[in-house]
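In: Let me see the structure of the following:
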Amino acid sequence: SSFQDFESTTLQSQELAKATWRLKTRHYFHQEGAKVTSTTFCERAQILVVGFSTGLFGLYELPSVSNIHTLSVGSNQLIKSCILNNSGDWLALGCPQSQQLLVWEWRSETYVLKQRGHSYGMRTMAYSPDGVIICTGGEDGKLKLWNATSGFCYVTMDKAHTAPVTAVTFANSSVVISASLDGTVRAHDLHRYRTFKTLTTPTPVQFLSLAVDKSGEIVVAG
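Out: The predicted model follows:
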């Protein structure tokens, strides 16, 4: 079966190479200074999606190439990849600079999913005592909470630290403690998603390691 498929594909390629091609129409996107970085096409819905280097993406109805929507995922956010699902209703966009995965339902003009990783890489991680949550700390100074079952990030604590996070650990299922190169050890409430205590030393130092006793009352950082 696989040999027959290969043979059929080869014959089709040969026929295409021998065919005569000509330019029928020419259409312009009118995006000055932008480059086309990704495209996808849904045959069932007859929709073409084009992603640009400026963070804009456009949906076009074929064969008229009429513009349905032109939207932006952010200023100068390169859209490196895009794909439509089989029905043409959901559009997935990948932006490597912002570490984002976006899934957009264009008919209702709503986002189905927004996922974003750490901007400059993940440095440390820890499981919650019940194994439900994973906390990660990144070079960007942020903490992220992930659902261990689905793999989705559901909270990003943008102001956790002002320098790379070097260690994280759970004091209990509702409190996570983090250490950073900014010289602080901080405790974060996982119910309100905020920092409620900051620990420092008399002489500024950079922390690389962290440990908490079983009671969650004593914290050691080095």
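
In: how many neighbours does residue 168 have?
Out: 22 (other C-beta atoms under 10 Å). For every residue, glycine as well, the C-beta is placed using N, CA and C.

In: next helix or strand past whichever strand or helix holds it?
Out: Under the criterion of DSSP states H and E, residue 168 resides in strand 165-172. Of the helices and strands lying after strand 165-172 in sequence (DSSP H and E), the nearest is strand 175-180.

In: For the next helix or strand after that next one, enumerate the helices and strands it packs against.
Out: On the C-terminal side of strand 175-180, the closest following helix or strand by DSSP H and E is strand 185-189. Counting contacts by 3 or more C-beta pairs under 8 Å, 6 or more residues apart in numbering; DSSP states H and E, strand 185-189 is packed against strand 175-180, strand 194-199.

In: Could you rerun that using 10 Å?
Out: strand 143-147, strand 153-157, strand 165-172, strand 175-180, strand 194-199, strand 219-221 (3 or more C-beta pairs under 10 Å, 6 or more residues apart in numbering; DSSP states H and E).

In: which residues touch the nearest residue to residue 110 once chain neighbours are set aside?
Out: For residue 110, ignoring the flanking residues on the chain, the nearest one in space by C-beta to C-beta, 6 or more residues apart in numbering is residue 104 at 7.5 Å. By C-beta atoms under 10 Å, 6 or more residues apart in numbering, residue 104 lies in contact with 49, 57, 59, 69, 71, 73, 82, 89-93, 110-114.

In: sorry, back to before: looking at the helices and strands packed on strand 185-189, which is closest to residue 26?
Out: Each of those has some distance to residue 26 by C-beta to C-beta; the shortest is strand 153-157, at 42.8 Å.

In: Contact partners for the residue nearest to the spatial centre of the chain?
Out: By C-alpha atoms, centre = their mean, the chain has its centre lying nearest to residue 100, at 2.4 Å. Shown in contact with residue 100 (C-beta under 10 Å, 6+ apart): 73-74, 77, 79, 93-94, 114-117.

In: Sort out for me which of those residues are in strands.
Out: If you go by DSSP state E, the contacts of residue 100 have 93-94, 114-116 in strands.
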